[in-house]
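J.: Next comes the sequence, and after it the predicted model I'd like to discuss.
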Amino acid sequence: MDPTFHMSPQQFREEAKRLIDWIAAYHEQIERYPVQAQVAPGAVRAGLPASPPVRPEPFDAVLRDLEQKIIPGVTHWQSPNFYAYFPGNSSGPSVLGELLSAAFGVQGMLWVTGPACTELEAHLLDWLVGMLGLPQQFLSSSTGGGVIQDSASSSSLCAILAARERATNFASNTQGCRQPLVAYTSSQAHSSIEKDVKIAGIGSQNLRLIEVDSSFAMRPELLEKAIEADKRSGLQPFFVCATVGTTSTMAFDPLPEIGAICRKHGLWLHVDAAMAGPAALCPEFRYIHKGMDLADSYVFDAHKWMFTNFDCSCFYVADRKALINSLSVVPEYLRTQASATGEVTDYRDWHVPLGRRFRALKLWFVIRHYGVEGLQFHIRRHIQCAQLFLGHVNNDPDFEVAAPPQLNLVCFRLKGADELNQKLMDRLNKSGELYLSHTKLNGRLVLRLCVGQTMTEERHIERAWQAIRREASRLRETQAKSLAMD
């Protein structure tokens, strides 16, 4: 063994080949694993040594423990039978790009610390403006630009901070918010918006949740009434988050109407399209972005539905100066000649962390591998699979659709009590055949099936429906026997 304890280049070469073979085999055999981890709380830790190894251990031992102690506790997000929440999909080119990013170990906080890290990222985000049909204001050659963040939650926080500073003429960073600021979003918006207004010092009591219509989309007339009421009360409205594809039902808030209200009252409009955004890669689905020209910021997650592993959230602003002026702090040790000229982008000023990884590499690998046509093919395939599942639900008298179906999400339920649907979901998830999640709509528990994993095909949808139908029949039989005994 090397006396320095380092892994030699030759050893790295040999072990890396073994690990790549292991990963390839894992993806080939992923359907043999139960989708949801079938372990009790604490089981993984109980199988690990109480103290770390004193002497170096061979790679064989690490791989053995990976298979025996870690894999049983893994929920397999890359399984084609994963339908819960929203997907966190990946792909071969993404994994390879991530590997290369780790090998380079770039810390791209400043342009000078990683010129390729910065410029590739800016270029890719500009590519995506065209690929998604976004307004030209989000191009780096215009007044705005894009940046890769770790999540839509962090992106929305940055939007709130920039909106806060713009509303207070950039005084609240130094003097605090002297007048209560008020933010608005729909009652169906992601919970991260509430968390972000807390972090930003706005306070959850100053977040207004606007009621939704029968399709679970924000009602613009109620938004305007809330804004006007707060103004009359001496409060200062400053921020609205509209959602393109809500978490529970994939509802689309009406951007043109909401954007017009924001312009009228001088409010920052942030659009959260974390899941649905990549659908706009296909021209026939670009209607979801109608009204985006009125937005001040926009986010979608490439790590949800664009085959790029977590984390890779693409965040855009129409006015990058508002964002930079809100987040920039320049100590002497970060001053560089390149930055002083204003000719380069320092992405450390575009988000909360100082440090940043070379995340653009994996996105670059994905776009180069699939091309726009390949990405469109898989988006369309997933939507077709969701339509196939929807047809099964519509044609079965025991089931009902619980919300207007959108894109790749179907909200459904077994006709009957919430307890029945909870039992159905629990049984399915415990079986390991598939993984569903739930929400509550109009006070009722609703099951969600979202098609978005990279390898999901029609055969997986057919098998999922068969499993759902089988467990539902068993539950009905049990229910009938119980009633007969009573």
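T.: Ah, there it is.
J.: Now do the buried residues in stretch 420-428.
T.: Of all the residues in stretch 420-428, those buried under the rule 16 or more other Cβ atoms under 10 Å are 420, 421, 423, 424, 425, 427, 428. No exception for glycine: its C-beta is placed from N, CA and C like everyone else's.
J.: should've said stretch 249-257
T.: 249, 250, 251, 252, 253, 254, 255, 257.
J.: Contact partners for residue 405?
T.: Shown in contact with residue 405 (Cβ atoms under 8 Å, 6 or more residues apart in numbering): 386, 387, 390, 411.
J.: and if we set it to 7 Å?
T.: Residues near residue 405 by Cβ atoms under 7 Å, 6 or more residues apart in numbering: residue 390.
J.: rewinding a little: looking at the buried residues of stretch 249-257, spot the one nearest residue 192.
T.: Compare each of the buried residues of stretch 249-257 with residue 192 using Cβ to Cβ and the shortest gap goes to residue 253, at 15.7 Å.
J.: Low-confidence stretches in the stretch 151-300 of the chain?
T.: For the stretch 151-300 of the chain, residues meeting the criterion pLDDT under 70 lie at 176-179.
J.: so where do the helices sit in it?
T.: Counting by DSSP state H, counting those that start in this stretch, the stretch 151-300 of the chain has these helices, from start to end: 152-167, 172-175, 192-199, 220-232, 255-265.
J.: what about the last one, distance to the chain center?
T.: Right, the one you point to is helix 255-265. Computed by Cα atoms, centre = their mean, to the nearest Å, the chain-centroid distance of helix 255-265 equals 25 Å.
J.: for the shortest one, same thing?
T.: Distance of helix 172-175 from its chain centroid, counting by Cα atoms, centre = their mean, is 31 Å.
J.: Buried residues, that helix. List them.
T.: Quick answer for helix 172-175 (16+ other Cβ under 10 Å): 172, 173.
J.: And the closest residue to residue 255 other than its chain neighbours, how far from residue 253?
T.: With Cβ to Cβ, 6 or more residues apart in numbering as the criterion, residue 255 has its nearest non-adjacent residue at 2.9 Å, and that residue is residue 291. Going from residue 291 to residue 253 by Cβ to Cβ, to the nearest Å gives 9 Å.
J.: ok, residues contacting the helix or strand hosting residue 129?
T.: Element membership of residue 129 [criterion: DSSP states H and E] is helix 115-132. Under the contact criterion Cβ under 7 Å, 6+ apart, helix 115-132 has outside partners 106, 108, 111, 138-140, 145-148, 277, 280-281, 289, 314, 345, 347, 358, 360, 363-364, 367, 372.
J.: could you redo the last one with a cut-off of 8 Å?
T.: By Cβ under 8 Å, 6+ apart, the list of residues contacting helix 115-132 from outside reads 106, 108, 111, 134-136, 138-141, 145-148, 277-278, 280-281, 286, 289, 300, 314, 316, 344-347, 356, 358-361, 363-364, 367, 372.
J.: same deal with stretch 370-385?
T.: 91, 93, 131, 278-279, 281-282, 285, 305-307, 366-367, 407-408, 451-452, 454, 456-458, 460-461.
J.: what's the answer for stretch 429-441, then?
T.: Stretch 429-441 is contacted by residues 33-36, 38, 75, 79, 81-85, 216, 247-249, 402-403, 411, 421-422, 425, 428, 445-449, 463-464, 467-468, 471 when judged by Cβ under 8 Å, 6+ apart.
J.: One more: stretch 140-155?
T.: Identification of contacts with stretch 140-155 by Cβ under 8 Å, 6+ apart yields 121-122, 125-126, 128-129, 136-139, 158, 190, 192, 195-196, 272, 274, 297, 299-301, 311-321, 345, 347, 350-352, 359-360, 363.
J.: Narrow those to just the buried residues.
T.: The buried subset of the contacts of stretch 140-155 - by 16+ other Cβ under 10 Å - is 121-122, 125-126, 128-129, 137-139, 158, 190, 192, 196, 272, 274, 297, 299-301, 311-320, 345, 347, 350-351, 359-360, 363.
J.: Which of the residues you listed fall in strands?
T.: Among the buried ones among the contacts of stretch 140-155, the members falling in strands (DSSP state E) are 272, 297, 299, 300, 301, 313, 314, 315, 316, 317.
J.: tell me which residues form a beta bridge with the last one?
T.: By that I understand residue 317. Counting by DSSP bridges, residue 317 is bridged to residue 145, residue 297.
J.: give me the number of residues near residue 170?
T.: Residue 170 has 15 neighbouring residues, counting by other Cβ atoms under 10 Å.
J.: In this structure it contacts residue 325, no?
T.: Yes - here residue 170 reaches residue 325: they are 5.8 Å apart, a contact under Cβ atoms under 8 Å.
J.: where exactly do the strands run in this structure?
T.: Taking DSSP E, the strands of the chain run over residues 145-149, 181-186, 207-210, 236-243, 268-272, 297-301, 313-317, 399-401, 409-414, 437-441, 444-450.
J.: Tabulate these (TSV), appending distance to residue 200.
T.: Formatted as TSV, those follow (distance: least, Cβ to Cβ, whole Å):
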stretch	distance to residue 200
strand 145-149	15
strand 181-186	9
strand 207-210	10
strand 236-243	9
strand 268-272	12
strand 297-301	14
strand 313-317	16
strand 399-401	38
strand 409-414	30
strand 437-441	26
strand 444-450	30
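J.: Please name whichever of the ones you listed is nearest to residue 222.
T.: Among the strands of the chain, strand 207-210 comes nearest to residue 222, with 5.2 Å by Cβ to Cβ.
J.: contacts for the closest one?
T.: Taking Cβ under 8 Å, 6+ apart as the rule, strand 207-210 contacts 182-187, 189, 193-194, 197, 218-219, 222-223, 226, 230.
J.: Give the buried subset of these as a ChimeraX selection command.
T.: Buried residues among those (16+ other Cβ under 10 Å), as a ChimeraX selection:
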select :182,183,184,185,186,189,193,197,218,219,222,223,226,230
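J.: What is the nearest of the contacts of strand 207-210 to residue 50?
T.: Sorting those by distance to residue 50 puts residue 194 at the head of the list, at 39.4 Å, by Cβ to Cβ.
J.: any idea how far the closest one lies from residue 296?
T.: Plainly put, residue 194 is 20 Å away from residue 296 if you go by Cβ to Cβ.
J.: What of residue 188?
T.: From residue 188 to residue 296 the distance is 21 Å (Cβ to Cβ).
J.: go on, residue 304?
T.: Relative to residue 296, residue 304 is positioned 22 Å away (Cβ to Cβ).
J.: can you check residue 223 too?
T.: Distance of residue 223 to residue 296, computed by Cβ to Cβ: 16 Å.
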